[in-house]
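*Asks:* A structural model of the following input is requested.
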Amino acid sequence: MTFRRSVLLLSGEDIDVLRQAITASSADMICLDLEDTVAPSQKVQARERIVQLLTENIWGRSQRAVRINSLSSPYIEDDLDEVLRGSAGAIDALFLSKVESANDVVWVDRAVSQLSEIVNFKRRITLCAGIESARALTDIDKIASSSDRLDSLGFAIGDLSISLGVRIGAYLHDRSLYPGDIHHFAKSRINLAAKTHGLQALDGPWPIVNDRATLIEDTRWGAMLGFDGKMALAEQQVKTIHEVYRPSQGEIDHANKMLDLYAKSVSAGRGAGVVEGEFMDPVTVGLARATIARAQVPI
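*Replies:* Numbers count the residues shown, from 1 in each chain. Predicted coordinates for the structure are as follows:
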């Protein structure tokens, strides 16, 4: 399993600053932005920076991703052509912005496949669809099942909040204004669609970068709901996200105990049942193995 607990979103005009951020990051994936954070007059230069960074040996264990412009923009074809050709496909994933329908994902899939027949890509490129509108949330199952390249769905906290009319500004600064997580339905729906169709679910970033306490709470809620990871806006958020997603020592000890007891049970010719007060079957053992696997990923 490829763990994607954290996706660090980076944008900027200074290539040296970006290079330093990539080199220093412990994120499981780093996504360079070509969309909203890049002014129209800077799109060409941003592509050039991204191509250069993608081909440099600075990424460590972090996967490489780029967020491209939406299909409704005039930039999408140049994004794909210049980034994928220029880097020879030295990229793990494309983040699709403002996906409205399954057709959007299919279009990008075909474009990437066509380019892969021309350019000798270094790896298979997967897709992450950002769920950013009421329409996308309504049609999410069609989107989630639209392409074999699609491997994840992302919760876009800002755009989706605007589309749904959520009063996001007040909520970000005072979560007590709403009893619980105001995005609970949208998050649950995204995770349900992802897990139904064998995809990963990525929680949205917490926008107030210096609010560590709320980041911990928001990350924990997402992890409890079943999200596989969370997007981050700054490197200081990455370590916090990893700490939340890492099982506690108590969970690790319990998982190891379960595996040990199950091994003894199987050796004795028994299957499912209660051993030393613990009910065990392949499902509970699978959960224990998943806990151990998460614990072994570097912070």
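*Asks:* any low-confidence regions in the stretch 101-250 of the chain?
*Replies:* For the stretch 101-250 of the chain, no stretch has pLDDT under 70.
*Asks:* for it, just list every one of the helices.
*Replies:* 102-118, 134-138, 140-144, 157-164, 168-173, 184-196, 212-225, 235-245, 249-267 (DSSP state H, counting those that start in this stretch).
*Asks:* which stretch among the ones you listed comes nearest S72?
*Replies:* Among these, the nearest to S72 by Cβ to Cβ is helix 102-118 (8.9 Å). All C-beta spots, glycine's among them, are computed from the backbone N, C-alpha and C.
*Asks:* what does the closest one contact?
*Replies:* The contact list for helix 102-118 (Cβ atoms under 8 Å, 6 or more residues apart in numbering) reads 68, 70-71, 77, 80-81, 84-85, 89, 94, 96, 99, 121, 125, 127, 129, 139, 142-143, 145-150.
*Asks:* nearest to R4, out of the helices of the stretch 101-250 of the chain?
*Replies:* Comparing the helices of the stretch 101-250 of the chain by Cβ to Cβ, helix 235-245 comes nearest, at 10.1 Å.
*Asks:* can you give me the buried ones in that closest one?
*Replies:* Residues of helix 235-245 classed as buried: E235, Q237, V238, T240, I241, H242, V244, Y245 (neighbour count, 16 or more other Cβ atoms under 10 Å).
*Asks:* report the contact partners of the last one.
*Replies:* Applying Cβ under 8 Å, 6+ apart to Y245 gives the contacts R5, T219, A223, G229, K230, R294.
*Asks:* can you do 6 Å?
*Replies:* Going by Cβ atoms under 6 Å, 6 or more residues apart in numbering, Y245 touches R5, A223.
*Asks:* residues near the closest residue to V166 other than its chain neighbours, how many?
*Replies:* Spatial nearest neighbour of V166, excluding adjacent residues (Cβ to Cβ, 6 or more residues apart in numbering): I182 at 6.1 Å. For I182, the neighbour count with other Cβ atoms under 10 Å is 19.
*Asks:* break the protein into its domains for me.
*Replies:* 6-245, 249-295 (automatic domain parsing).
*Asks:* most tightly surrounded among those?
*Replies:* Across the domains of the chain, averaging neighbours per residue (mean count of other Cβ atoms under 10 Å) puts domain 6-245 on top, at a mean of 18.
*Asks:* what about it, how long is it end to end?
*Replies:* With Cα to Cα, to the nearest Å as the measure, domain 6-245 spans 9 Å from end to end.
*Asks:* how far out from the middle of the chain is that domain?
*Replies:* 6 Å (Cα atoms, centre = their mean, to the nearest Å).
*Asks:* that older thread, would you turn the buried residues of helix 235-245 into TSV with distance to I208?
*Replies:* Below are the buried residues of helix 235-245 laid out as TSV (distance: Cβ to Cβ, whole Å):
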residue	distance to I208
E235	16
Q237	10
V238	16
T240	13
I241	14
H242	19
V244	16
Y245	20
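*Asks:* between those residues, which is nearest L202?
*Replies:* I241 (11.0 Å).
*Asks:* now do the contacts for the closest one.
*Replies:* S6, T219, K230, A232.
*Asks:* okay, the residues you listed in TSV with distance to I299 next?
*Replies:* Output for the contacts of I241, formatted as TSV (distance: Cβ to Cβ, whole Å):
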residue	distance to I299
S6	10
T219	14
K230	15
A232	14
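*Asks:* among those, which ones are in strands?
*Replies:* S6, K230, A232 (DSSP state E).
*Asks:* closest one of those to R19?
*Replies:* A232 (18.2 Å).
*Asks:* what residues are up against that closest one?
*Replies:* By Cβ under 6 Å, 6+ apart, the neighbours of A232 are S6, L8, P205, V238, I241.
*Asks:* which of those residues sit farthest apart?
*Replies:* Longest span within the contacts of A232, Cβ to Cβ: P205 and V238, 10.8 Å.
*Asks:* ok, and the closest non-adjacent residue to the most centrally placed residue in the chain?
*Replies:* Central residue of the chain (Cα atoms, centre = their mean): L202, 3.8 Å from the mean position. What sits nearest to L202 in space, not counting adjacent residues and going by Cβ to Cβ, 6+ apart, is G154, at 4.4 Å.
*Asks:* any idea what the one you found is bridged to?
*Replies:* G130, L202 (DSSP bridges).
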